[in-house]
Structures are given as C-alpha cells and as structure tokens.
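Enquirer: Turn this into a structure:
(one chain, ligands or ions: 2)
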Amino acid sequence: MAALEVKMNLNNFDVKIFLNDYWQKKPMVIRNAFNDPFWLEPDDLAGLSLEEDAESRLIVQDKNNWKLENGPFDAERFSSLPEFDWTLLVQGVDQWVPEIKEILTAFDFLPSWRLDDIMVSYAPTGGTVSQHYDFYDVFLIQGEGSRKWKVGGLCGSNSELVPNMPVRILKEFEAKLEVTLNPGDMLYVPSTHSHLGVSVENSLTYSVGFRSPSIRDIVDGIATVSLETLMEDERYEDCVESLKATAGEIPKAAIAQVKDMLSNALLNDDAISAWFGKYVTELKYSDQAIEAYDSDCWVDRIKGGESIYRSSTSRFAYMKRNGCTLYVDGQSYKVTLPLAEQLSDHDNVDSEVIGCLISDPDNHSTIEQLLACGSLHFDEVCD
Ligand code: SIN
Ligand code: CO
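Expert: Ligands and ions are numbered 1, 2, ... in the order given. From the prediction side, this is the model:
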C-alpha cells in the first residue's frame, strides 16, 4: 500500500533568511531541524545494499589506503568488515522507503525538479569518504549517532585531487567551519564547497541532494534536439562586408554570420523549454523500471473515490508556456494548469479533483497515459 505523505517541518529554520543569505552561497548549521530522525536502522541500509537495483558503495580506509567496492553486496561482506573506518552509502533511498521520501516534504520551499535523491550513509567510528566536493547542493541530516563535519571553500574542475585513488580526495583542504552533528541536526553545504565528514560513533547520515544541469549538459541537449530538425540546405552566405576582405582574410563579418546561424538554430525558446522540461524530469537511473498498472476502468475507479498515487520514482513538473505542458519522467503532455498543479505541486494527489478535471479531453488522455505507464497508480489492482 502506498502510504500518504505526511508533511515534515523544519525546526529553527527561517526559509526567507535561508534563501536570501545561504542557498547556493554559504554553509548553514540548523540544530534540531528534525524531531525524530530515526527513519532507518543500520541493518535496513545494509539490507538495501544487497538489492540488485539499489546503487550502493562501500568505502574502506586503511591509513592512506582507500578501497571502493560497488554493490550489490553479499550479506557475508558485512561480517568481514573491520570494526572502524568504513562507510556504506546507498543512493536513491527515497524511492525505496516511503518514510524517507516523506523527508522531501520538508524541502518544498525548493523546486522539486532540482532534487536529485536522498543518499543514506552508515559509518562506524572513523568512517569517512574523505575531503571532497560535489556538484550538488546538499542538506546533511544526522540520524542516529554523531558525525563531525568540516566545510572549506569553493572548489572546481581545477582543484587538485590526490592521484590514483578510487575515491575523489582533494589534495588541499582548509576548514572554515567545524561542527559535530547530533541526531536531528542538519548541515547545508552549497554545491562545490569542499567538505569532510568523519563518524564520531556509529552514525547514519541522510543527504538530500539538489542537482544543477551543467553547461555541458545543456549545450549537448539543445544541440542534439536542434540536429533532429536542421537541414543540410541552410548554408552560410557571403555578405557584402565579408566580400570586402582580401582573398585570404576571414573577416569579422563572416564570424558574425556564423554566430547568427548558431543562435537561430539553437536559441529557440520553444525548443529550449521542451528540452529543459524533459531533461529535469528524466528518471535518475535510465534503467529504472516503473511498473505499469492495469488501468482498465480507471474513470470508474476515480469517480468511485479510489485514491491515485504518483510512482515513488516519477518526477513531475510543469511549464506555463503556450498553455500548459506537464513533464513527467522525460515525457511531455498538454494539460490544463489546474491538473498540472494538482500533480506537481501537492504532497498528495487529490483524486476527487482529478475526477472533475478529466472532463477536459487533454487531461483525460494524460491521466490515462500516466496510469498506463505506471507514473500514476491506484493502490490496489482492479479485478
Ligand atoms: C557521507 O554521508 O559521509 C558523505 C556525504 C557527502 O559528503 O556528500
Ligand atoms: Co559530499
């Protein structure tokens, strides 16, 4: 049964101050942000790491010798681990455990389509993944136990890493902030800020990560979309200015014309919007299977008061442009704005509202398709 999401609130946290002064600028410590952060036991995490579909890693440190092992693991692996100095990390735990997905309701002051996933790590005393930086804004929530964090300055692709290591370790690291997190505390680390967390005692950390598309991804995506429609017959043409040059000179006017051709081909608002909506809602793992549900008699089921749920892996977002387009898992659908808001903005989907909105043919067809592909589903299968 899909559980109803319960809205979580952050304690000691002023959204306005955070967004103005800290978000994507500087780290912030929030003491007792969560009241009861004991969502998982270390054994639950170890159990997840045995699963074929869960992305898991084990990082073991022996002095300056680092070892990285990728899951899925055998249960026996955990009995042969040393007492100290290792970390187990499992990505995408929000899609496996409904209680973990509920943590996201505390972050609804940020765009949901910027979310990457919730990674959970378990480390006994001394366990660390070493000093590094990520291209993610991350909220590190302390579950059981405690972990000591140090946060340094901004890094980038030019920051030197220790060579020949299986994990990314920054060569240089100077801490500007040091804090020990206890259960319920949270540390926000902006993207590309160096950081280092070391487990003080057996501890679980929940990392809520927000991703940003890189300029490389954007150029690659937009160029790929443009190439689908660009024809060979659109060509460079000499303009009067460029013909004034000597036979061997490539004049500035020629470059200006190439630039014009490029911007005409690439800077099309409709194409950029369509690509972006699909890109940011793509499933995190390309092989992520969404289970398709038997969606026969779906209208009767909705009208009969049955609840509808979003698949835990699905991503919903919408854009108000030439009407309204809903983006789900990398696909686009024409819908009315109230349906897009209902599916993308609320913690829970209100089936009664959906029942009214499907009188619109676009909405009707969208809900039918989303049920057929499993991005939406009923709790129980129709018989
Ligand atoms: C950890 O959970 O120890 C690592 C998380 C991070 O540094 O991003
Ligand atoms: Co990190």
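Enquirer: use CA for all of it now, contacts and neighbours both
Expert: Will do.
Enquirer: Rounded mean pLDDT for stretch 234-249, please.
Expert: For stretch 234-249, mean pLDDT is 88.
Enquirer: So in the protein, where's the weakest helix or strand by average pLDDT?
Expert: helix 240-243 (a mean of 85; mean pLDDT, DSSP states H and E).
Enquirer: Next SSE downstream of that helix?
Expert: helix 252-266 (DSSP states H and E).
Enquirer: residues in the stretch 101-250 of the chain within reach of ligand 1, list them.
Expert: Ser121, Thr128, Val129, Gly197, Thr205 (Cα under 6 Å from any ligand atom).
Enquirer: Need the max-distance pair from these.
Expert: The largest separation in these, counting by Cα to Cα, is between Val129 and Thr205 at 12.3 Å.
Enquirer: neighbour count winner among these two?
Expert: Neighbour count, other Cα atoms under 10 Å: between Val129 and Thr205, Thr205 has more, with 28 against 25.
Enquirer: Quick one: residues contacting the more buried one.
Expert: If a contact means Cα atoms under 8 Å, 6 or more residues apart in numbering, then Thr205 has Val120, Ser121, Tyr122, Leu140, Ile141, Gln142, Gly143, Glu144 as its contacts.
Enquirer: All the helices of the protein, residue numbers only.
Expert: 15-17, 42-48, 75-79, 98-102, 215-229, 240-243, 252-266, 269-281, 298-303, 337-344, 351-357, 361-373 (DSSP state H).
Enquirer: What's the local residue count around Asn70?
Expert: Neighbour tally, Asn70, other Cα under 10 Å: 13.
Enquirer: Can you spell out which residues form a bridge with the residue nearest to it when sequence neighbours are not counted?
Expert: Nearest non-adjacent residue to Asn70, counting by Cα to Cα, 6 or more residues apart in numbering: Arg57, 4.5 Å away. Arg57 has these beta-bridge partners by DSSP bridges: Asn70, Leu89.
Enquirer: and the end-to-end length of stretch 304-324?
Expert: Using Cα to Cα, to the nearest Å, the end-to-end distance of stretch 304-324 comes to 28 Å.
Enquirer: whoops, I mixed them up, stretch 232-251
Expert: 24 Å.
Enquirer: now stretch 324-334
Expert: Stretch 324-334: ends 6 Å apart by Cα to Cα.
Enquirer: swap in stretch 114-132?
Expert: 22 Å.
Enquirer: and Val219, how many residues sit next to it?
Expert: With other Cα under 10 Å as criterion, Val219 counts 12.
Enquirer: for Glu232, same thing?
Expert: Glu232 - counted by other Cα under 10 Å - has 6 other residues nearby.
Enquirer: Who are the contact partners of the most centrally placed residue in the chain?
Expert: Closest to where the C-alpha atoms of the chain average out (Cα atoms, centre = their mean) is Asp116, at 1.0 Å. By Cα under 8 Å, 6+ apart, the contact set of Asp116 is Val208, Gly209, Phe210, Arg211, Lys284.
Enquirer: Right, I'll leave it there.
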